[in-house]
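Colleague: With the sequence up front, the predicted model follows.
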Amino acid sequence: MKKNAYKNIFDLKGRTAVVTGGVGILGKHFCEGLASFGAHVVVVDQLERDCSKFAVFLAKKYRAKALGIGCDVSSPLSVKAMVRRIVDEFGGIHILHNNAATKTDDLKAFFASTENYSLEEWRKVMAVNLDGMFLVAQAVGKQMTKQKTGGSIIQTASIYGVMAPDQRIYKGSRYQGRPINTPAVYSASKAGVVGLTKYLAAYWAAKNIRVNALVPGGVESGQNKVFSRKYSARVPMGRMARADEMVGALIFLASDASNYVTGHVLMVDGGLHVW
Ligand SMILES: NC(=O)c1ccc[n+]([C@@H]2O[C@H](COP(=O)([O-])OP(=O)(O)OC[C@H]3O[C@@H](n4cnc5c(N)ncnc54)[C@H](O)[C@@H]3O)[C@@H](O)[C@H]2O)c1
């Protein structure tokens, strides 16, 4: 090997990366990570105003080319229009981070008990968390196939798509002032993301489109102390994650550093899944 051959394997200069759920708690960190490694970043989320504002911030801070696009990932028309706009602006797409997920607009219905969960709420969550993942991967994978450049697709699943939540940690746990749990639809949708990832990895492997899942464990974002203590006690590393700790895994999966990695489920969970 040439000296310094490995120095730039994380480099994303000249590549166009799209992040859905781009202005969320983790999404903003993902966008900053991609921009700091030189990618052009397209911030995709529900409200164009928020996406554009954050894109301006990225462009200034990282001297990156950045664009914000409002898109409902659960709508085939909206997804098609989003991909068309990106191709018009950048000529193609090299990296997709499929990351959007919803708690819907009704937290009471979202956190309802399994016995009382409404099918309507179940479908609203599935429409974004799983249908949305499929629609965006489908449209971007089609574009990558057309480009003949290959590409990297990263899909955010969750620890609770891989293992069941321990119901004992929820007693006394609160988030934004209300009792919390993890509803079955969340686990089912995220397990679906893992299955979709493996399917697409095999399906597009011959086209050099790699598809991997990034699996965060619980991230600190305003949960109360009871939750944080009980959750942390179950984690081998003894604590929750910080949002910025998800970024290294994304850069690895997005870049040439993972050129021979596809269909992988990368756990970023402080070791929670090992026992
Ligand atoms: N935060 C955690 O502890 C944690 C743990 C495991 C997995 N995850 C996963 O990580 C990802 C990011 O989570 P987060 O914590 O940043 O959540 P978040 O709620 O802050 O971000 C999700 C983003 O998705 C967007 N979104 C929702 N519906 C959409 C739609 N129809 N079209 C387009 N965008 C839509 C929201 O507007 C939001 O900005 C999600 O897939 C989530 O399930 C998070």
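Modeller: Received the coordinates, thanks.

Colleague: Would you point out the helix or strand in the chain whose mean pLDDT is lowest?
Modeller: strand 178-179 (a mean of 88; mean pLDDT, DSSP states H and E).

Colleague: Show the subsequent helix or strand relative to that one.
Modeller: Counting by DSSP states H and E, the next helix or strand C-terminal to strand 178-179 is helix 184-204.

Colleague: Using CSV, list the CA coordinates for that next one.
Modeller: Provided in CSV are the C-alpha atoms of helix 184-204 (Å, rounded to 0.1, in the frame of the first residue of the first chain):
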residue,chain,number,x,y,z
ALA,A,184,-45.2,-1.9,20.2
VAL,A,185,-45.6,-0.1,16.9
TYR,A,186,-42.2,1.5,17.4
SER,A,187,-40.4,-1.8,17.9
ALA,A,188,-42.3,-3.4,15.0
SER,A,189,-41.5,-0.5,12.7
LYS,A,190,-37.8,-0.6,13.6
ALA,A,191,-37.5,-4.3,13.3
GLY,A,192,-39.0,-3.8,9.8
VAL,A,193,-36.3,-1.3,9.1
VAL,A,194,-33.7,-4.0,9.9
GLY,A,195,-35.4,-6.5,7.6
LEU,A,196,-35.7,-3.9,4.8
THR,A,197,-32.0,-3.0,5.2
LYS,A,198,-30.9,-6.7,4.8
TYR,A,199,-33.3,-7.2,1.8
LEU,A,200,-32.1,-4.0,0.0
ALA,A,201,-28.4,-4.8,0.8
ALA,A,202,-28.8,-8.2,-1.0
TYR,A,203,-31.0,-6.7,-3.8
TRP,A,204,-28.6,-3.8,-4.8
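
Colleague: Against which helices or strands is it packed?
Modeller: helix 119-126, helix 133-147, strand 151-156, strand 209-216, strand 265-268 (3 or more C-beta pairs under 8 Å, 6 or more residues apart in numbering; DSSP states H and E). C-beta coordinates here come from the backbone N, C-alpha and C atoms, glycine included.

Colleague: would you turn those into TSV with mean pLDDT and distance to the ligand?
Modeller: Formatted as TSV, the entries for those read as follows, by pLDDT from 0 to 100; distance: least, C-beta to the nearest ligand atom, whole Å:
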stretch	mean pLDDT	distance to the ligand
helix 119-126	98	9
helix 133-147	98	9
strand 151-156	99	4
strand 209-216	99	4
strand 265-268	98	9
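
Colleague: Columns mean neighbour count on top of those, output as a markdown table?
Modeller: Shown next, in a markdown table, are the helices and strands packed on helix 184-204 (neighbours: other C-beta atoms under 10 Å):
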| stretch | mean neighbour count |
| --- | --- |
| helix 119-126 | 16 |
| helix 133-147 | 20 |
| strand 151-156 | 26 |
| strand 209-216 | 25 |
| strand 265-268 | 18 |
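
Colleague: Tell me the pLDDT of the residue in the chain positioned nearest to the ligand.
Modeller: Closest residue of the chain to the ligand, C-beta to the nearest ligand atom: Gly24 (2.1 Å). With respect to pLDDT, Gly24 scores 98.

Colleague: That one contacts Lys103, correct?
Modeller: No: applying C-beta atoms under 8 Å as the test, Gly24 and Lys103 come out as separate, 10.7 Å apart.

Colleague: These two: who's more crowded?
Modeller: Comparing Gly24 with Lys103 by neighbour count (other C-beta atoms under 10 Å), the higher total belongs to Gly24, at 20 against 16.

Colleague: Please identify the residues of the stretch 1-150 of the chain in proximity to the ligand?
Modeller: 20-21, 23-27, 45-46, 71-74, 99-102, 128, 132 (C-beta under 6 Å from any ligand atom).

Colleague: cutoff 8 Å now
Modeller: Counting by C-beta under 8 Å from any ligand atom, the stretch 1-150 of the chain comes close to the ligand at 20-28, 44-47, 50, 71-75, 78, 99-103, 127-129, 132.
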